[in-house]
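1. just the structure for this:
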Amino acid sequence: MALFWRSYVVWKRTGINPFTFKNFNTQTIVGRAYKLTFALLVLVVFVYALSPAAYAYLAPIRWLEHPSLRWIGAAFVIFALIWIIIAQAQMGEAWRIGIDTEHRTPLVQEGLFRISRNPIYIGGVITLSGLFLIIPNALTLLILIVGLVLIRAQVRLEEKHVGKMYPREYAEYCQRVRRWL
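-> The predicted structure follows:
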């Protein structure tokens, strides 16, 4: 919901669709793979919640099914949601899903972006990790691993794009602020 809400707010304020997956290229492939991964994650959550018998077919990792790990996972998800919402708000109208080659957005360097160049993606990694701890099975483990690969690929693509838009400013920003934490 955090992704869709912020996208709606940006669209209403600017008239620009923040979903920028238009051309078939590496970025589009990463975006489509991410959508598929997200759909699988939603499916796992629904199967877990609505059909315990069907959940058994997702190869649960029983030794990780411990109440304390589930609570830690829930704390991760809640923390990540708050973190992502704050980072999205700090991006303001620069918020996009994908790479927007048609509109120049400001280089956000304030708030959480002072400590990480990619706080929203950090939130995504924490969310995927938390969901794996809440629902540990082979599919959520695969989703976590694929999610990490996709996030890393998307970050590299975005860094290349932002580096072209703001060569000097982004190079200076990269010297001051780490990619992750």
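2. residues touching the residue nearest in space to the middle of the chain, list them.
-> With distances taken as C-alpha atoms, centre = their mean, residue 124 lies nearest the centre of the chain, 3.6 Å away. Residues counted as contacts of residue 124 (C-beta atoms under 8 Å, 6 or more residues apart in numbering) are 80, 84, 147, 151. Backbone N, C-alpha and C define where each C-beta goes, glycine included.
3. help me confirm that the third one is found in a helix?
-> Yes: with DSSP: H, G, I helix; E, B strand; the rest coil as the criterion, residue 147 is located in a helix.
4. pretty sure it contacts residue 125?
-> Yes: assessed by C-beta atoms under 8 Å, residue 147 is found in contact with residue 125 at 7.4 Å.
5. looking at the two, which is more packed in?
-> residue 147 (25 against 18; other C-beta atoms under 10 Å).
6. with adjacent residues omitted, what lies nearest to the more buried one?
-> Once flanking residues are discounted, residue 147 sits nearest to residue 128: 4.5 Å by C-beta to C-beta, 6 or more residues apart in numbering.
7. what comes up buried for the helix or strand containing the one you found?
-> Element membership of residue 128 [criterion: DSSP states H and E] is helix 119-134. Of the residues in helix 119-134, 119-134 count as buried by neighbour count, 16 or more other C-beta atoms under 10 Å.
8. what about the contacts of residue 124, which are in strands?
-> Residues of the contacts of residue 124 located in strands (DSSP state E): none.
9. by neighbours, which of these wins?
-> Neighbour counts for the contacts of residue 124 (other C-beta under 10 Å) peak at residue 147, which has 25 neighbours.
10. check contacts around that residue.
-> 34, 37, 124, 125, 128.
11. any idea which of those residues is least confident?
-> Lowest in pLDDT among the contacts of residue 147 is residue 34, which has 82.
12. number of residues surrounding it?
-> For residue 34, the count of nearby residues is 20 (other C-beta under 10 Å).
13. show me what secondary structure element comes after the one helix or strand it maps to.
-> Applying DSSP H and E as the criterion places residue 34 in helix 26-50. Following helix 26-50 in sequence order, the next helix or strand is helix 52-55 (DSSP H and E).
14. can you tell me the closest non-neighbouring residue to residue 76?
-> Residue 76 sits nearest to residue 130 (C-beta to C-beta, 6+ apart), 3.0 Å away.
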